[in-house]
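> below: sequence and its predicted model.
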Amino acid sequence: MGQPSLPPPPIVPPPPQPLPPPAQVGAVATGGCQVRCAGCKMVLTVLPGLTEFVCPTCQLPQMLPPELMRSTQAQAQQQRSAPAHGIDPTKIQLPCANCKAILNVPHGLSRFNCPQCLISLAVDLSKIGQVLPSVRPPLPPEEVNEVAIEVEREEDEDPIVETSSLSAVQPPEPTYNLKIKDDLESSKALSCLQIETLVYASQRHLQHLPNGARAGFFLGDGAGVGKGRTIAGLIWENWQHGRRKALWISVGSDLKFDARRDLDDVGATCIEVHALNKLPYSKLDSKSVGVKEGVVFLTYSSLIASSEKGRSRLHQLVQWCGQFDGLIVFDECHKAKNLVPEAGGQPTKTGEAVLDIQARLPQARVIYCSATGASEPRNMGYMVRLGLWGAGTSFADFREFLGALEKGGVGALELVAMDMKARGMYVCRTLSYKGAEFEDVEVPLEDNMMDMYGKAAEFWAELRVELLSASMFLANEKPNSSQLWRLYWANHQRFFRHMCMSAKVPAVVRLSKQALVEDKCVVIGLQSTGEARTEEAVTKYGVELDDFVSGPRELLLKFVEENYPLPDKPDPPPEDSVKELQRKRHSATPDVSFAGRVRKVAKWDAESEEESEWQSETDTEPETESDDEFQICNICNSEEERKKLLQCSCCCQLVHPSCLIPPVVEVISGDWSCHSCKEKTEEYLRARQAYYEELLKRYEAALDRKLKILEIIRSLDLPNNPLDDIIDQLGGPDKVAEITGRRGMLVRASGGKGVTYQARNTKDITMEMVNMHEKQLFMDGKKLVAIISEAGSAGVSLQADRRAVNQKRRVHLTLELPWSADRAIQQFGRTHRSNQASAPEYRLLFTNLGGERRFASIVAKRLESLGALTQGDRRAGPSLSAYNYDSAYGKRALMMLYRGLMEQEPLPIVPPGCSLEKPDTIQDFILKGKAALVSVGIIRDSVLGNGKESGKISGRIVDSDMHDVGRFLNRLLGLPPEIQNRLFELFVGILDLLIQNARVEGHLDSGIVDMKANRIELQGTPKTVHVDSMSGASTVLFTFTLDRGMTWESASTLLEEKQKDESGSSNNGFYESRREWMGKRHFILAFENSASGMYKIYRPNLGESIREMPLAELKDKYRKLSALEKAHSGWEDEYEVSSKQCMHGPNCKLGNFCTTGRRLQEVNVLGGLILPVWGTIEKALSKQARQSHKRIRVVRIETTLDNQRIVGLLIPNAAVESVLQDLAWVQDIDDE
C-alpha cells in the first residue's frame, strides 16, 4: 500500500484559560484557513469562526490578518450544520466487508481489524473509488498570510556559489522544453538553479552512449542546496511524459518522508511513494501487492537484500520495471563506492548491485546524486552512464581512465569536473561558506591527561613485550599469532583515538559554555559513541554503576581477556591400574622377540582353510617345530620344567620362579610382571605426573600473569566515555539533544552518586523516532546543545532555520574528525544549509599530539581530491591540506626519517631539540627514536649491542613499513607525548624541505596553477581543434602573451613603502650578483619576510620569485648596492634585454622555445573539452625533450584587460605543432 500525500495529525494541547484557543499544527479542518505563525513560522490551521488563537508550539497569542477574517467568518456560517453522530470528517468512511458497519479509517492506514466483528480488513485503493467519490483529504486552502510570502522570498536569497574553475566553463545551450515549467513558475516551488538542473538532466537523458545505453546525469550540488526537491521535480516532469514508474534509492528508510514532502512541494501530490522494505518479495504489480505505478523508495541495503527463499530485491525491481525508460535516482550515491577497490580489496556488494541494475535496464534515465559523489576517482567506477570511458572515448575501460587521472595528479581530477559540465552531464553548486567561520583549535593536554597518556603508552609497550613472551610458548600456533597482532594494533589505534577524544572534552565543555553565554547554541560532532563498550560493561556489572564507563579501560580489558595467549589447561592423568598401564604399554610397543611376535600372530590370526591349502601346495620346506619347543627360560636358557615357567604380562618373557632373585616361592594365579617392567611402569607414572604438574604450573603462571595484567588495567587512571562525560558536564540529557545511533545511555543518579543505564526512548517515543524528537527539541530551543554522530549525519537539518524557533547562531565543534572526507562534508552540512538566519562557526579541535594528525591527514587527502572532483577546485571546501601527510612527498620524507634513525644515511635536517654544535644531542635523539620505534613494533628483530656497540640498538624495518605513512602516524599515538612530538616534528620538517625543493625545481603538483603576470593578453584568434559529436562541446587552443617583468618605477616605489616601516630590516634593498653571467651581472630587490625570516626576491625580468632566500645565501651570492643610479641602469637594461631573449643569450640551443628568464612569454593553453583528446595530448607530450614538458599541467589564466578566464592544459611551445598534427585538423572559431 503506497503512502499518499497527507497532512500531519492535529496537535491540540489544552489552552491556558486566559488566552484564546490554540490553532492546529498542520491539520486541515473543513472550512478552516492556513496561516504561518508570526513567531516560530510553523503553518497553522485556524478553525472556522476563530479570529484570535495561540500557537501550540511557541505559545504566541495572535490574530488573523483582516483580509482573512471575513472569509473565515463566512465559512463558519456555512459550516454550522454538524455532521451525523459518530462521523469523523477528518477520516475516510468505509463499510466493513463482513458486518457492513461504517468505519472511520485514518488516511494512510492499510490494514486494521473491524472493532465490531473483529475481522481483519485491508484497504484496496484500486477499488476504493467505487465506495467514495474521493478518498483524498481536502487540499489546504490557498490563503497563506504575508509572513509565509516573506519567508519564501528570503529563501531565494541564500548565496549559492560555483567555484572559479567550474564557472570558467560554459555548459551546452539548453534546448529542452519542460512540461511542468508553467506550474513551477506559478508555484515558485523550485529556484531558477533547480529548474536549470531539470533542463540539463532531461536534455542529457535524450542522448545515448556509443554502446546504446541511455546517458546519465550527475547532480553534485552541495549539502543543503535542495537536491531532494530537484529530484522530485525530475520525477514530476517524467510523470507528465507518461513515465509513471521511478526508483529512488537512498541511504535511510526514514528519508522516505522527506521524499514524500519534496514531491508535495513541487505539486506531485498524486504520485504515491512505496517503501520497498514494507512490501513482500512477490511481484510488485501483482494483485496482492498492487504497485502499478509511482515511486518505489528503497535503501542501498534493500538493493542487495534477498529473502530466505532466495528471491532478490534486485530481480523484483527489474521485473517491475520491464521495458523501462523511467528514472533511477541513486541518491547519496557515494554509498556505492569501492566498486574498484585498491589492490587486495574486494568490491562491495552495493557497488556491484548498482552496476548490475544499470546494466539490466539500459534505457533507464539514471541520476547520480551526491554532494560527495567522488571523493577520489576510484570511487567513480559505478558511474558508467557518464560515458567518460569505454567505446568511443580515449579510455578503453575504467582502469585505464583511473590510471590516466592518477598520473595526471590532482589537476587532472579538476579537469574531469569541468569536462563533465562542458558536456552537459554535471552541475555542482554549493551553499556559499560566506559568513561561516573556520578555526583550528589546538587543545594542549592538561597535566593530569599528559600523565595519564604517558602511563598508558608505557603500559601498551609493556603489554606488547608480555604478549611476545607469552606467544613463545605457543610457537606452533602461527595463524593465531598473526591474528593476535592484527587485533593488538587495531585496539592500540582505537584506544589512543579514545584518549585523544577524551583529552579534548574539557575544551569542548569550555567552548560550549562560552557559546551559550554568548547567546549561541552548540552542535558537537563525533564519530564513535562508545556504545559497544558501555553495553558490555552494563552486561558485566549491572545497570547501576559507580561512575561512567571508561571506553579505553573496557577496550583493554576485553582485548586481554579474549586474546591473551594462554596454553591449554592440561587434563589430569587418568587413574589407570598398574596392570592396565602395563597392558597398554605392551600393546603400544611390545618388547618381545621375533619368535614371540610370530607366536602371537599365529595365535591371534588363525589361517583360513584356503590359505593353508595354498601353502601346503606351494611350500616345499619341512614343517617347523611346534610352539612348545621355543618355551625356554630367559635367565638360564634351559627348556626344563616348561610347565613352571612364568610369563610376564607386560613384556611376555618366560622365566623359572627359582631363577629370579629373590626366587618366587608362592603360586602366581593372576597376571605377573617382571621386576624390569615394574620399574619402567613406576618410572612412567612418575614422569607422567611430573609432566602434568609442569604443564599445570605453566598454565597457572600464564593465568596468573593474565590476571595481574587485568588488575593493572583496572587500576590505571583512564578517562570516561567522552559522549557521556560531555552530556553530564553540560547539564545532562535534559539540556543536551543526542542525535546518535545508540540505544541507551548512562545518566547520573538524582543524588549525584553513581550512574544508571537507561534507554534513550520513552513510552511515548519509539526508538526509530527518538532522533527526530531530539532534533525537534533542539530546533524549538528547548535544548541548546546537540551532539551528532554519523548515525545522525544523514539528512538531519540543524541549521539556524528561519522557520525554526531556535535561530541562534550555531557553533559546530568537531570533537572527532570523521574517517573520510565524504563524512566530514556530510557532517559540516548539518549546520550549514539553505534558509538559515546565520552561518555557523566551525571549530576543528586537535590535540597537540603529533600522532593525532593521522586522522586529519586521511580526511585532508580526501577533502583535497573531493573538492577537485566535485567542485573543480581543491580550494572549494574548508582547507585541511596542512594536515595531508599521506602523499608521495610524505612517503619520501618517512623513508628519509627511517634511514636517518637507522644510521644508514645522515638526517637531512637537525632533529628538534638538537644542535650541530652538540653532536651528542643528535646521537641521544637517534637512540631514543630507535627505542621508541622498537616499542611500537616498527623496528623488528632488535638487538642491544655489546662492547664497543654498547647501548646501541640494531634491527630492521620491513620494506612495506618504509613508505607506510598511515602506520607511522598510527603507531606514533602509542608513544609518550614528548618523544611522539619530537619524532612528528622531525617528519614534518623533512616533508616541508622536500616540498620546498620540489616547488623550487617546478615539480610540485599543486593542481590548477594560477599563471600570474603583470599583463596577460589573448593573442590572435583561438583555434577549435576538436568537437564532441554527442554534446557539440569543443576543444580550443588559446595563445596568450604574458609580461612577467617588474618596471624600475614599481620596484623603487615598493622599496620606499618598505623603508617607511621602521621595523623593516637594514638588509632590505637592491642587490647585484657577485658573479657575472654571459658578461653581465643580475640585479634583484630583496625584502625580509617577517613571518619566515627569509627574504622575498623581485627580479626585473620575472617579478616576484616563488622561492624565498635565506640571508646567508643572499649575502653569499649578491652584494648590496648603496648607489641607486647603478641599480637603476642595471635594472632597466635587464628589463629591456629579457623581453626578446632568454637568460642563455642569443645562441640558446632551444632558440625561441626557451622561456627561462624571458620577460615576455608566449603561453599556449588547450581549453574547453579535454578528456576526449587526453590520449592524443599525452602521446604528443611524451615525445618532448625536456622532462618538465612531458608532465601534464593544468593552469588557470585570466586576461588583464577583459578578465576572460580560461582553465585548461598548458601545452609547451615546442609541443604545439605536434599536438595539432595529432589532432589532425584546425579550424578558426567564428567571430560572432
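Received, thanks.

> in the stretch 651-800 of the chain, which spans are strands?
654-655, 736-739, 744-748, 755-759, 785-788 (DSSP state E, counting those that start in this stretch).

> tell me which of those is the most buried.
Of all these, strand 785-788 carries the top mean neighbour count, a mean of 26, counting by mean count of other CB atoms under 10 Å. Heads up, the C-betas are built off the backbone N, CA and C, glycines and all.

> which strands or helices does it pack on?
strand 521-525, helix 722-729, strand 736-739, helix 770-779 (3 or more CB pairs under 8 Å, 6 or more residues apart in numbering; DSSP states H and E).

> from C58, how far off is T51?
To C58, T51 is 19 Å away according to CB to CB, to the nearest Å.

> next SSE downstream of the helix or strand encompassing F257?
F257 is part of helix 256-265 when elements are defined by DSSP states H and E. Scanning forward in sequence from helix 256-265 by DSSP H and E, the next helix or strand is strand 273-275.

> what average pLDDT does that next one get?
Mean per-residue pLDDT for strand 273-275: 92.

> and it, what does it pack against?
helix 256-265, strand 294-299.

> so what touches the last one?
Same thing as strand 294-299. 2, 235, 244-253, 255-256, 259, 263, 271-277, 284, 313, 317, 320 (CB atoms under 8 Å, 6 or more residues apart in numbering).

> apply 6 Å and report the result again.
Here strand 294-299 makes contact (CB atoms under 6 Å, 6 or more residues apart in numbering) with 2, 246-249, 253, 256, 259, 271-276.

> look up how far T57 lies from N806.
N806 is 11 Å from T57, where distance means CB to CB.

> try I632
114 Å.

> E700 now?
Remark: distance between E700 and T57 (CB to CB) = 67 Å.

> neighbour-wise, which of the two wins?
T57 (21 against 11; other CB atoms under 10 Å).

> farthest-apart pair in the contacts of strand 294-299, please.
S253 and I271 (18.5 Å; CB to CB).

> tell me which of those two has more neighbours.
I271 (23 against 17).

> which one of the helices and strands packed on strand 273-275 lies nearest to P572?
That would be strand 294-299 among these, by CB to CB, at 56.3 Å.

> and the angle from the closest one to helix 256-265?
150 degrees (axes from the mean of the first three to the mean of the last three CA atoms, to 10 degrees).

> dump strand 294-299 to PDB, keeping only the CA atoms.
C-alpha atoms of strand 294-299 as PDB (Å, rounded to 0.1, in the frame of the first residue of the first chain):
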ATOM      1  CA  GLY A 294       4.600   5.600  -8.600                       C
ATOM      2  CA  VAL A 295       7.900   5.900  -6.800                       C
ATOM      3  CA  VAL A 296       9.400   2.800  -5.200                       C
ATOM      4  CA  PHE A 297      11.700   4.100  -2.400                       C
ATOM      5  CA  LEU A 298      14.400   1.800  -1.200                       C
ATOM      6  CA  THR A 299      17.800   1.900   0.500                       C
END
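
> what average pLDDT does stretch 159-166 get?
Here the average pLDDT along stretch 159-166 is 72.

> list the buried residues for the helix or strand encompassing E462?
According to DSSP H and E, E462 maps onto helix 447-472. Buried positions in helix 447-472, judged by neighbour count with 16 or more other CB atoms under 10 Å: 449-450, 452-454, 456-457, 459-461, 463-464, 466-467, 470-471.

> low-scoring pLDDT stretches of the stretch 451-600 of the chain, where are they?
Applying pLDDT under 70 to the stretch 451-600 of the chain picks out residues 473-481, 575-600.

> mind putting the strands of the stretch 651-800 of the chain in CSV, distance to P347 included?
Shown next, in CSV, are the strands of the stretch 651-800 of the chain (distance: least, CB to CB, whole Å):
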stretch, distance to P347
strand 654-655, 76
strand 736-739, 32
strand 744-748, 36
strand 755-759, 38
strand 785-788, 30
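
> can you list these in JSON lines and add mean pLDDT and distance to D1028?
Output for the strands of the stretch 651-800 of the chain, formatted as JSON lines (pLDDT from 0 to 100; distance: least, CB to CB, whole Å):
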{"stretch": "strand 654-655", "mean pLDDT": "80", "distance to D1028": "105"}
{"stretch": "strand 736-739", "mean pLDDT": "90", "distance to D1028": "46"}
{"stretch": "strand 744-748", "mean pLDDT": "83", "distance to D1028": "57"}
{"stretch": "strand 755-759", "mean pLDDT": "84", "distance to D1028": "59"}
{"stretch": "strand 785-788", "mean pLDDT": "92", "distance to D1028": "44"}
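
> so which of those gets nearest R892?
strand 785-788 (38.4 Å).

> dump the very next helix or strand once past that closest one to PDB, restricted to CA.
Following strand 785-788 in sequence order, the next helix or strand is strand 810-814 (DSSP H and E). Provided in PDB are the C-alpha atoms of strand 810-814 (Å, rounded to 0.1, in the frame of the first residue of the first chain):
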ATOM      1  CA  ARG A 810      25.300  27.500  15.600                       C
ATOM      2  CA  VAL A 811      28.800  26.800  16.900                       C
ATOM      3  CA  HIS A 812      29.800  23.500  15.400                       C
ATOM      4  CA  LEU A 813      32.600  21.700  17.300                       C
ATOM      5  CA  THR A 814      34.300  18.700  15.800                       C
END
